[in-house]
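> Provided below are the primary sequence and the corresponding predicted coordinates.
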Amino acid sequence: MVDSPSTRLRPTPPTPALVQEIVARALIEDLAGGDLTTDATVPFELTGLGVAISKSSLLACGSTVAQAVFAAVDPELEFETLVADGTWVSSDRPLWEVRGSARSILMAERTALNFVQHLSGIATLAHRYMREIPVGSSTRIVDTRKTTPGLRSLERYAVRAGGAYNHRDDVGSAVLIKDNHIVASGSVVAAIMRARTRAPHTSKIEIEVANLEQLDQALAAKVDVIMLDNFDLAQIKKAVAIVAGRALVEVSGNVTLERVADLARAGADVISVGALTHSAPAADVSLNIRVPLPEKPSVA
């Protein structure tokens with residue numbers, strides 16, 4: 001398979017300060033007690049080259065995080081990205097490499113690979129969902145807040161690297177009225193009215209509806225976005241016809257790769273997929289180490 005970039009612009013990764021904070025926690029988890037095996041077996045003066053290799057076809061993601069891991073363990077290590085995030089690669093492709101102390105490389109190896117495998121897995125799954133959107137459709141695939149605690153910023157970056165989009169960052173960034181909010185407020189209309197009174201003027205109001213009766217109530221209250229929760233295809237088509245462009249329509253619940261094209265053709269503006277972050281299988285990436293450190297090829 002020929003390498004090809006994601007169909008969208010390269011996403012901006014989280015800020016270096018945020019990445020460093022996440023990496024620091026991960027390294028404490030793995031290296032708080034040191035690395036007994038490396039200390040016992042690897043000479044202090046030994047240098048080497050570590051090369052990350054894709055073991056299957058995947059969408060590369062996470063090189064910036066891997067670089068931060070190696071830099072945190074040993075600032076003297078030299079890191080080079082060989083494949084930009086958001087690039088589809090075949091198996092046996094070098095993704096990035098790191099040069100320097102063999103002990104430092106080995107100490108950082110597992111943490112760096114954990115991040116890269118996880119983020120590449122999310123990016124790969126997001127890319128596969130995006131490929132199911134019919135040509136010419138403006139339907140968006142978006143993630144949800146079903147993320148790994150502490151890793152949301154990285155996982156959402158991986159979703160963007162895969163060509164998909166992000167939903168709200170956190171509960172403070174948008175109004176999304178769900179079933180329990182409706183119960184607590186007393187009704188669909190009451191929840192929307194209270195939200196409109198209290199929410200900032202810059203915030204759109206979205207509500208989750210479970211049936212067509214709630215849909216009619218939401219439209220009467222002039223909500224901005226309607227989430228159709230666990231509707232079947234026939235119900236979605238009917239709901240889209242009822243909405244008739246008066247609000248954006250988001251489809252959520254039991255979304256699989258096989259359903260995406262039909263949901264887009266049914267008129268969904270947005271398809272939210274929790275599986276992008278909570279169920280993406282890790283990509284297969286390994287780190288091959290060569291010692292002693294080979295010389296860099298000379299530039300003619």
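Received, thanks. Numbering: from 1, shown residues only.
> ok, residues contacting stretch 27-38?
V69, A72, V73, R103, L106, M107, A108, R110, T111 (C-beta atoms under 8 Å, 6 or more residues apart in numbering). Backbone N, C-alpha and C define where each C-beta goes, glycine included.
> 7 Å instead, please
For stretch 27-38, contacts defined as C-beta atoms under 7 Å, 6 or more residues apart in numbering pick out V69, A72, V73, R103, L106, M107, R110, T111.
> likewise stretch 192-204?
Taking C-beta under 7 Å, 6+ apart as the rule, stretch 192-204 contacts A174, V175, I177, S185, I205, I207, A218, A221, V223, D224, V225.
> is the closest residue to V291 other than its chain neighbours in a helix, a strand, or coil?
Excluding its sequence neighbours, the residue lying closest to V291 (C-beta to C-beta, 6 or more residues apart in numbering) is G48, at 3.9 Å. Following DSSP: H, G, I helix; E, B strand; the rest coil, the label given to G48 is strand.
> and G48, what does it touch?
So G48 contacts A102, I105, I289, R290, V291, P292, L293 (C-beta under 7 Å, 6+ apart).
> inside strands: which ones of the residues you listed?
Those of those mapping onto strands are I289, R290, per DSSP state E.
> between all of the contacts of G48, which two are separated the most?
Using C-beta to C-beta, these reach their maximum pairwise distance at I105 and P292, which is 12.4 Å.
> sorry, back to before: closest to N211 among the contacts of G48?
I105 (57.0 Å).
> which one of I105 and P292 has more residues nearby?
Applying other C-beta atoms under 10 Å to I105 and P292 shows that I105 carries more neighbours, namely 27 against 11.
> surely the more buried one and V291 touch.
No. Counting by C-beta atoms under 7 Å, I105 does not reach V291; the two are 9.4 Å apart.
> residue contacts, V183?
V183 touches nothing, counting by C-beta under 7 Å, 6+ apart.
> likewise V142?
Applying C-beta under 7 Å, 6+ apart, the residues contacting V142 are A164, Y165, N166, H167, V270, S272.
> top of these by neighbour count?
A164 (27 neighbours).
> can you list the domains in the protein?
Following the assignment in automatic domain parsing, the chain carries domains at 4-130+284-290, 136-278.
> where do the strands of the stretch 201-300 of the chain begin and end?
Under the criterion DSSP state E, counting those that start in this stretch, the stretch 201-300 of the chain contains strands at 205-209, 225-229, 248-252, 270-272, 285-290.
> continuing past the worst-scoring helix or strand of the chain on mean pLDDT, what's the next helix or strand?
None of the helices or strands of the chain scores lower by mean pLDDT, DSSP states H and E than strand 4-5, at a mean of 44. Per DSSP states H and E, the first helix or strand lying C-terminal to strand 4-5 is helix 16-31.
> just the buried positions in that following helix, please.
V19, Q20, I22, V23, A26, L27 (16 or more other C-beta atoms under 10 Å).
> over to stretch 131-141?
So stretch 131-141, judged by 16+ other C-beta under 10 Å, has buried residues E132, I133, S137, T139, R140, I141.
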